[in-house]
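Asks: give me coordinates for this.
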Amino acid sequence: MDVPYVADKEFKGENYETSKFPKAEYDHCTFINCTFKDTNVSNIQFLECTFEDCDFSMANIKNTSFKDVTFYGCKLMGLHFDECNPFLLSFNFENCILNFATFNQLKIKETVFKNCILEQVDFSEANLENASFMGSNLQKTIFYNTNLKKTDFSSATNLSIDPNLNTLEKAKFSTEGALALLKKFDIIIE
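Replies: Purely as a prediction, here's the structure:
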């Protein structure tokens, strides 16, 4: 079944929580201050789109395609990014709230999480090589069997990463972040 193709369009202040979000392929579109909370956006393609100050909390994103998508100041709480279409999956986040989101087993190399709140996010078995968590809060975030090679945690806060259970070669940490890696060993540093 063919879906409509929507290109270079700006959507502002739309509330899709109360009205159905139209199934389509969205290319180079901008969504500003739109509400997708609890909305079904499954099986939709977003290509090179930008979302600014949008609320996606608890939206259904099963088999949704995010290809070169940027989120600015968005609420993305409880999203199962691991249910997205993994083909060419690529996104970046700035000043976003991603609490309770799941990125299990995703290959999301070079993803940028800049100044984001990522409390209790699950990155188990994900490939985050060359990713950046610049200025982000990682309170109770789960990294288990995660590829963190060359990942930048140098200005991230509230880190809790077990170096025995993750790949950390050439990852960048601040002194405080590096000391957090030793937390599991219950040692005293003076």
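
Asks: what ranges do the helices span in this structure?
Replies: Assigned by DSSP state H, the helices in the chain fall at 175-180.

Asks: so where is it shaky, pLDDT-wise?
Replies: Scanning the chain for pLDDT under 70 picks out 1, 184-185, 187, 189-190.

Asks: strands along that one, start to end?
Replies: Applying DSSP state E to the chain gives strands spanning 5-7, 10-12, 25-27, 30-32, 45-47, 50-52, 65-72, 90-94, 113-114, 152-153, 172-173.

Asks: need these in TSV (columns: mean neighbour count).
Replies: Quick note: C-beta positions are derived from backbone N, CA and C, even for glycine. What follows is these, written out as TSV (neighbours: other CB atoms under 10 Å):
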stretch	mean neighbour count
strand 5-7	13
strand 10-12	12
strand 25-27	19
strand 30-32	19
strand 45-47	19
strand 50-52	20
strand 65-72	19
strand 90-94	19
strand 113-114	22
strand 152-153	20
strand 172-173	18
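
Asks: TSV for these, including distance to residue 186?
Replies: TSV is the format used below for the strands of the chain (distance: least, CB to CB, whole Å):
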stretch	distance to residue 186
strand 5-7	55
strand 10-12	51
strand 25-27	50
strand 30-32	47
strand 45-47	45
strand 50-52	42
strand 65-72	38
strand 90-94	33
strand 113-114	29
strand 152-153	21
strand 172-173	19
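
Asks: of the ones you listed, which is nearest residue 136?
Replies: Evaluated over the strands of the chain, closeness to residue 136 peaks at strand 113-114, with 5.0 Å, by CB to CB.

Asks: and the closest one, what other elements does it pack with?
Replies: strand 90-94 (3 or more CB pairs under 8 Å, 6 or more residues apart in numbering; DSSP states H and E).

Asks: contacting residues around the strand it packs on?
Replies: Outside strand 90-94, the residues that touch it by CB atoms under 8 Å, 6 or more residues apart in numbering are 66-74, 76, 108, 111-116.
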